[in-house]
Structures are given as structure tokens and as C-alpha cells.
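Colleague: coords below, sequence missing:
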Ligand code: PAF
């Protein structure tokens, strides 16, 4: 069985209205395509929660910082549709840029504070692009639930803030990062790694986990982070953009693990930028 595809807001609304008439609940899984097991885990979770699941596939030009990055982003609609069919997703929504941002489009949704630092510091405008398209996708689908992965942790916090601030009637569900057997977080960008880079890549999550553990045990923050940066670079990464300890709930900088936290990293391996994050909590806490 194949997944029905719609490409316009009007078609999408017609399908959803039919579902609503029969009393169905609706979940949305927003994606930019190039689907991997991480996305599929979100779709499976959505299917557990709602009667109908929409997967959106839109490579959002507003969230790319460089034209080259946008051009290089994989576009694999047919393969994506083939991956979704056996899961039983009910609809694939694939708008093009003109449908999403018609001539005269002039609105930007911008979420303050959360976007400061981390990826926000290195990707100017990125989170405004994410907030704008996510707000549109929520309003276009009218879904009851939306599913996001924890790998893009700053994005997740941004979307939570957006939904709260704009009173959007949608419940957010977040799912753990899915990893390869060697620990590397699944990402559409992993496909860009050369075999040599792919062999180095899992050093990032292994340093992250070891560092999170050390910080939870009370090792000093600055020295421990400096050692972790050095370990990532000596493994073969070209640059560490950031490696920071932040509050899990508010993403505020932390100086010690005195409450549930996230250790977040972005690093360049050759020409590929990888991000990851892990939880860390005070020893003895259950969180
Ligand atoms: O995480 C992503 O793939 C994108 O940022 C999202 C949420 C689909 C918005 O374009």
C-alpha cells in the first residue's frame, strides 16, 4: 500500500476535515525528508497516539544559512514515501516553496531567549525559519499532537515555547534520539560522511557520555569541558562549535550538575556539521 500524497493546504484541509467528521484524532510528524530510523520511530510513536498520522516533508529554505547547504540537502521523496507505506502513515504532505511562502509572504515567527547561544549563535536566522514553518505546519494540519526528536534539543525547546506563547492547541511529544549500534546519532547528514569520517564520527557521542558522567560526579566544569573538546579534536573532528552544559528544562547555562541537565555539542567533521546531546543529572536523582 502506498501513502496518499497532498501538496496544497486546501487538499490537506479537505482530508483532515473528513477525518474530523468521523471523530479521528490527528498527529503530525514534521520532517525535511531523507527519512531515517529516527524519523520512523517518531511516526511509529505517533501511530500509537492518534488515529491518523500526517508526515510533512518540506525542505524549508528559511532555516538554511547558506544556499549551498540548502542545495546539498538530500531530496528523496519517492524513497521517503516507500519507507512510510509499511508503517501505515495516513498522509504525506509535500508542499513546495511557493505553496508555503506565496508571493508577498511577509511574516516571521521569532522566539526570544531560547535561540540565544548553542546552534542559534552559529546559524543566524535558522530558528526564526524553524519557528515560522512549524507554526504554519501546526495551523495547516490542525493536528492534536506533534512529534519531535530530542536530537535537535534546542529546536524542541523552541517549539515548546512557541506552542505555549501562541496558545496553539497541540500537544508536543518528544522521543529519544535514535542511534547507530556504535552510538552515532542518526542524522540525514551522516550520509555525507566519507568512510574514514564515518569511522571517527562515534567518538562524539562517546566523549559526550563520558563527559556527562564526569560532570554528574562533580568534576569541575571548565576543565572537564576543555578535556572533552581536546578529545573530540584529537579524534579527527575539525572544529568544536560549542560544547555546553545547559538546564534540561530552560536551556540556561549551568556551572554544575545540580539539577537535570543536557550536555550539548556541535562539531565539524570535514565538511559535515554534526550535533548531539545527552542527559545528565545529579548522582542519586532518578531523572
Ligand atoms: O527538524 C527538522 O527536520 C526541521 O527543523 C523541521 C522541524 C521539520 C522544520 O522544518
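Modeller: In hand now; what should we look at? Everything quoted here is computed from the prediction, not taken from an experiment.

Colleague: report the contact partners of residue 134.
Modeller: When contacts are counted by Cβ atoms under 8 Å, 6 or more residues apart in numbering, residue 134 touches 30, 159, 162. C-beta here means a position set from N, CA and C on the backbone, and glycine is covered the same way.

Colleague: is the first one in a helix, a strand, or coil?
Modeller: Right, residue 30. Here residue 30 is strand, with the state taken from DSSP: H, G, I helix; E, B strand; the rest coil.

Colleague: what does the stretch 101-250 of the chain put close to the ligand?
Modeller: Taking Cβ under 6 Å from any ligand atom, the part of the stretch 101-250 of the chain that reaches the ligand is made up of 130, 133, 134, 152, 155.

Colleague: next one: phi and psi at the second one?
Modeller: When you say that, I think you mean residue 133. Torsion angles at residue 133 (phi, psi; degrees, to the nearest 10) stand at phi -70, psi -40.

Colleague: which residues touch it?
Modeller: 30, 58, 60, 62, 63, 100.

Colleague: give the burial count for the third one, as a bare number.
Modeller: Translated: residue 60. Neighbour count of residue 60, defined by other Cβ atoms under 10 Å: 23.

Colleague: looking at the residues of the stretch 101-250 of the chain next to the ligand, which is nearest residue 279?
Modeller: Nearest to residue 279 among these: residue 152, at 15.0 Å, using Cβ to Cβ.

Colleague: could I get the contacting residues of residue 50?
Modeller: Here residue 50 is in contact with 24, 25, 26, 27, 143, 144, 145 (Cβ under 8 Å, 6+ apart).

Colleague: apply 7 Å and report the result again.
Modeller: 25, 26, 27, 144, 145 (Cβ atoms under 7 Å, 6 or more residues apart in numbering).

Colleague: before we move on, what about residue 130?
Modeller: Here residue 130 is in contact with 63, 155, 158 (Cβ under 7 Å, 6+ apart).

Colleague: quick check: the farthest pair among the residues of the stretch 101-250 of the chain next to the ligand?
Modeller: Counting by Cβ to Cβ, the most remote pair of those is 133 and 152, 13.5 Å apart.

Colleague: just put the contacts of residue 133 in CSV and tack on distance to residue 212.
Modeller: Putting the contacts of residue 133 into CSV (distance: Cβ to Cβ, whole Å) gives the following:
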residue, distance to residue 212
30, 28
58, 34
60, 31
62, 33
63, 28
100, 38
